[in-house]
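Undergrad: Provided below are the primary sequence and the corresponding predicted coordinates.
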Amino acid sequence: MAGLIKREDIDEVRQRTDIKEVIDGYVTLKGAGLGSFKGLCPFHDERSPSFTVRPQVGRYHCFGCGEDGDVISFVQKLDHTSFHEAVEKLAARIGFELRYEDGGSGPNREEVGRRQRLLDAHKVADEFFRAQLLTPGATEGRNFLHGRGFDRAAAEQFGVGYAPQGWDSLLKHLRGRGYTDAELKLTGMFSEGGRGIYDRFRGRLIWPIRDIAGDTIGFGARKLYEDDQGPKYLNTPETALYKKSQVLYGIDLAKRNIAKDRQLVVVEGYTDVMACHLAGIPTAVATCGTAFGTEHIKVARRLLSDDGSGGEVIFTFDGDAAGQKAALRAFEEDQRFVAQTYVAVEPGGADPCELRQSKGDAAVRDLIATRRPLFEFAIRAALKRHNLDTVEGRIAALRESAPVVAQIRDAGIRPGYARELAGWLGMPVEEVSRAVGAAAKRAAQGPSGQQGQGSGHSPGAGGAPARSAPGAATLPPSAALPSFNRPDPRDPVAAMERQALEVALQEPGMLEGDTWQRFSEARFSTPAYLAIHEAIRATGLAFTGDPARWVEQLLQEVPGPLRPLVSELSVVPLPASTAEGVQRYCRDILARLFELQITRVKADKMGQLQRLDASADPEEFQRLNRELMQLEVQRRSLRSDA
């Protein structure tokens with residue numbers, strides 16, 4: 001079991017990774033001044049680039065949507081991985097072996113190498129299958145796709161391929177690429193008999209199954225020929241790479257739209273995913289030979305940022321008995337989501353692929369648009385199991401459906417559905433409401449009569465449960481956190497203080513020696529900038545040799561609400577095009593800051609001088625005059641240097 005990664009190793013990975021090189025893999029960056037790069041933000045739609053990367057400080061910031069962070073958070077957000085996974089991925093990228101706390105261990109070089117060999121083998125196989133789809137032997141496969149409404153462009157978009165009918169076509173191909181039989185046995189792409197291993201997929205249409213990062217980890221294969229004695233669909237078995245309870249087909253293509261639109265559409269098959277995407281529903285995914293379960297929900301919640309701020313999960317099922325059963329299984333998992341859950345079932349029982357074939361793309365979009373809340377579907381399914389023409393049947397239906405209404409998370413609509421249920425049953429609203437209330441009370445108490453603890457959610461609670469990530473620090477109530485208004489950019493003093501902080505964050509080497517003493521003694525008046533200045537003073541100059549670590553340390557020191565502002569100040573391009581120009585600009589800004597401080601001190605001393613009776617205390621009067629003269633000399637010297 002992997003332990004916590006050592007803090008110094010995390011810092012080392014962050015320091016040794018070129019953030020521009022990583023982000024270049026996702027965003028086209030162009031130079032935007034000395035040491036700064038700009039591109040279109042990957043986190044929101046925009047036409048003018050406002051996404052800025054500053055490699056020297058190891059951070060990015062979007063001036064449009066406010067997204068910011070370092071290279072680790074960028075990989076987390078774009079690949080939708082955990083912090084732990086992002087660090088391990090970046091460490092593998094630079095060939096750095098991580099160390100773990102508490103006696104735990106992570107993947108060693110041998111394990112990483114073995115996994116990479118498996119991924120490479122799948123990539124080679126993926127390319128092989130796609131090439132085979134264009135051969136004369138794949139006519140039946142191309143006919144199948146054409147019959148379902150998919151042209152060559154669609155096949156290429158989803159990487160659809162074809163497995164030849166021979167027993168060893170893929171085997172020979174991979175052996176020819178240097179893979180041993182021992183390695184190939186681990187891929188799940190081969191079966192084993194008395195004479196050795198042979199191709200698992202033969203004479204079938206092939207869909208590559210990819211993980212969230214886009215790596216092929218398995219395959220799904222559809223039967224094409226009548227003499228094929230295997231199942232209609234045949235998937236890769238469980239391997240070190242492929243865990244069907246965690247895999248969602250199409251997640252690599254849908255992840256960004258899911259995160260952007262806060263919507264996840266769950267369909268039943270590969271062709272349904274294709275049909276949805278081509279019809280304008282790019283948030284569709286499918287499970288691979290298993291029900292939508294707990295591990296899938298973890299993936300979905302991560303993509304949806306399932307934290308109570310919105311989002312929806314839409315299940316599409318066939319209208320037959322099996323489809324209804326699947327929908328009810330999904331409803332059992334509903335409480336694991338904060339997002340609202342819905343079901344979309346075509347009245348005639350058609351799946352999205354069939355619907356697109358018969359009625360076109362608009363019909364698929366309409367199916368999703370006319371979704372119904374999953375709890376409504378569950379209520380109606382419960383009612384169908386009873387004869388509502390009899391008193392006994394209505395009472396039995398109420399007993400079964402009242403707990404479903406009690407589970408509705410939104411307290412605002414729960415009474416409305418109690419009234420709807422009363423109408424469907426033909427019973428008094430008061431009687432149904434009492435039954436719903438009793439069901440909620442029973443659920444809250446649990447089977448032993450004690451207050452329920454297991455679900456983390458009381459059906460009568462009128463809202464989503466509070467959740468925290470394992471190991472996350474508990475934050476104080478929001479009222480206890482300081483609040484800061486956005487500084488007014490038109491205020492010349494605030495503008496001066498902002499520019500000085502930009503210099504301090506991006507060029508901390510300018511603060512050495514006497515300059516640091518002056519900077520630390522400077523008085524900032526803008527509350528947000530004052531708090532950042534205090535954090536700089538508290539941090540000291542321990543990290544001036546490495547601006548990236550310097551900024552990282554400051555982010556830990558400032559109040560949470562100010563971290564985005566610190567990130568912004570650390571990446572905004574300084575107005576200079578050469579290294580010498582940057583030095584001149586920084587000296588000028590610091591000189592202006594110090595001059596402003598001298599002006600403030602002079603004003604204080606002038607006030608003291610004016611209040612003083614010179615005849616009563618001539619020595620104090622002379623001291624203040626000398627100090628004023630010294631301050632003026634310092635001010636003129638600063639202006640001359642600038």
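TA: Structure received.
Undergrad: Tell me how far the residue lying closest to residue 286 once chain neighbours are set aside lies from residue 288.
TA: In this structure, residue 286 finds its nearest non-sequential neighbour in residue 249, 4.5 Å apart by C-beta to C-beta, 6 or more residues apart in numbering. (Each C-beta comes from the backbone N, C-alpha and C, glycine too.) As for residue 249, its distance to residue 288 is 6 Å (criterion: C-beta to C-beta, to the nearest Å).
Undergrad: Look at the two and report which has more neighbours.
TA: residue 249 (27 against 24; other C-beta atoms under 10 Å).
Undergrad: mind listing what the residue nearest to residue 286 touches?
TA: By C-beta atoms under 8 Å, 6 or more residues apart in numbering, residue 249 lies in contact with 207, 209, 220, 270, 273, 285, 286, 287, 288.
Undergrad: repeat for residue 597
TA: Residue 597 neighbours (C-beta under 8 Å, 6+ apart): 518, 521, 522, 523.
Undergrad: distance of the closest residue to residue 521 other than its chain neighbours from residue 22?
TA: Nearest residue to residue 521 in three dimensions, chain neighbours excluded: residue 597, at 7.5 Å (C-beta to C-beta, 6+ apart). Using C-beta to C-beta, we find residue 597 at a distance of 40 Å from residue 22.
Undergrad: Then residue 208?
TA: Residue 208 is 25 Å from residue 22, by C-beta to C-beta.
Undergrad: Now do the same for the closest residue to residue 18 other than its chain neighbours: its pLDDT.
TA: In this structure, residue 18 finds its nearest non-sequential neighbour in residue 55, 6.6 Å apart by C-beta to C-beta, 6+ apart. The model reports residue 55 with a pLDDT of 91.
Undergrad: surely residue 55 meets residue 20?
TA: Yes. Assessed by C-beta atoms under 8 Å, residue 55 is found in contact with residue 20 at 4.6 Å.
Undergrad: what residues do these two have in common as contacts?
TA: Contacts common to residue 55 and residue 20, judged by C-beta under 8 Å, 6+ apart, are residue 37.
Undergrad: Now do the SS call for residue 166.
TA: coil (DSSP: H, G, I helix; E, B strand; the rest coil).
Undergrad: any idea how far it lies from residue 208?
TA: 20 Å.
Undergrad: Which one's more surrounded, these two?
TA: Taking neighbours as other C-beta under 10 Å, residue 166 and residue 208 compare with residue 208 leading, 24 against 14.
Undergrad: Surely that one is within a helix?
TA: No. Counting by three-state DSSP, one finds residue 208 to be strand, located in no helix.
Undergrad: and it, what is it in contact with?
TA: Per C-beta under 8 Å, 6+ apart, neighbours of residue 208: 122, 126, 129, 159, 161, 216, 218, 219.
Undergrad: Could you check how far it is from residue 158?
TA: 8 Å.
Undergrad: Can you tell me the element residue 394 falls in?
TA: In this assignment (DSSP states H and E), residue 394 forms part of helix 391-406.
Undergrad: Summarise which helices and strands that helix is packed against.
TA: Applying 3 or more C-beta pairs under 8 Å, 6 or more residues apart in numbering; DSSP states H and E, we find helix 391-406 packed against helix 374-384, helix 414-425, helix 429-445.
Undergrad: before we move on, back to that, mark which of the contacts of residue 249 are part of strands, please.
TA: 207, 209, 220, 285, 286, 287 (DSSP state E).
Undergrad: wait, doesn't the first one sit right on residue 272?
TA: What it means is residue 207. No. Counting by C-beta under 8 Å, residue 207 does not reach residue 272; the two are 11.6 Å apart.
Undergrad: More neighbours: those two, which one.
TA: residue 207 (28 against 25).
Undergrad: give the contact list for that one.
TA: 158, 159, 160, 161, 219, 220, 221, 222, 249, 270.
Undergrad: Count residues in the vicinity of the second one, would you?
TA: Here the count is done by other C-beta under 10 Å, and residue 159 has 20 residues near it.
Undergrad: which one is it nearest to, not counting chain neighbours?
TA: In space, residue 159 is closest to residue 208, 4.6 Å off (C-beta to C-beta, 6+ apart).
Undergrad: give me the beta-bridge partners of the one you found?
TA: residue 219 (DSSP bridges).
Undergrad: Quick check, pLDDT for it.
TA: At residue 208, pLDDT is 97.
Undergrad: how big is the angle separating the helix holding residue 394 from helix 374-384?
TA: 170 degrees (axes from the mean of the first three to the mean of the last three C-alpha atoms, to 10 degrees).
Undergrad: For helix 391-406, could you pull out the residues that count as buried?
TA: Buried residues in helix 391-406, counted by 16 or more other C-beta atoms under 10 Å: 394, 396, 397, 398, 400, 401, 402, 403, 404, 405, 406.
Undergrad: again, but for stretch 194-211
TA: So for stretch 194-211, counting by 16+ other C-beta under 10 Å, buried means 197-211.
Undergrad: Might you list the low-confidence residue ranges for the stretch 501-642 of the chain?
TA: 541-545, 599-615, 624, 631-642 (pLDDT under 70).
Undergrad: Going along the chain, name the strands of it.
TA: Assigned strands in the stretch 501-642 of the chain: none (criterion: DSSP state E, counting those that start in this stretch).
Undergrad: can you map out the helices along the stretch 151-300 of the chain?
TA: 152-157, 169-176, 181-185, 251-261, 270-279, 294-304 (DSSP state H, counting those that start in this stretch).
Undergrad: Which among these is found nearest to residue 589?
TA: helix 251-261 (38.2 Å; C-beta to C-beta).
Undergrad: The closest one - contacts with which helices or strands?
TA: For helix 251-261, the packing partners by 3+ C-beta pairs under 8 Å, 6+ apart are strand 263-267, strand 284-287, helix 294-304.
Undergrad: relative orientation of it and helix 270-279 in degrees?
TA: Going by the same axes, to 10 degrees, helix 251-261 makes 50 degrees with helix 270-279.
Undergrad: how far off strand 263-267 does helix 251-261 point, in degrees?
TA: Using the same axes, to 10 degrees, helix 251-261 lies at 140 degrees relative to strand 263-267.
Undergrad: now what about helix 251-261, what contacts it?
TA: With C-beta under 8 Å, 6+ apart, helix 251-261 has contacts from 42, 44-45, 80, 158, 210-214, 263-264, 277, 282-285, 299-300, 303-305.
Undergrad: just for this protein, where's the confidence low?
TA: 1-3, 102-112, 305-310, 318-338, 445-483, 541-545, 599-615, 624, 631-642.
Undergrad: can you pull the contacts of residue 367?
TA: Taking C-beta under 8 Å, 6+ apart as the test, what residue 367 contacts is 316, 344, 346, 352, 355.
Undergrad: okay, now the residue nearest to residue 579 when sequence neighbours are not counted: neighbour count?
TA: Distance criterion C-beta to C-beta, 6+ apart; nearest residue to residue 579, sequence neighbours excluded, is residue 34 at 7.0 Å. Applying other C-beta under 10 Å, we find 16 residues neighbouring residue 34.
Undergrad: Let me know whether residue 34 touches residue 577 as I believe.
TA: Yes. Counting by C-beta under 8 Å, residue 577 is a contact partner of residue 34 at 5.8 Å.
Undergrad: Now do the helix or strand hosting residue 363 against helix 270-279, angle only.
TA: For residue 363, the host element (DSSP H and E) is helix 361-369. Relative orientation of helix 361-369 and helix 270-279, computed by the same axes, to 10 degrees: 100 degrees.
Undergrad: give me the number of residues near the closest residue to residue 158 other than its chain neighbours?
TA: The shortest distance from residue 158 to any non-neighbouring residue, by C-beta to C-beta, 6+ apart, is to residue 274 (5.4 Å). Residues within reach of residue 274, counting by other C-beta under 10 Å, total 29.
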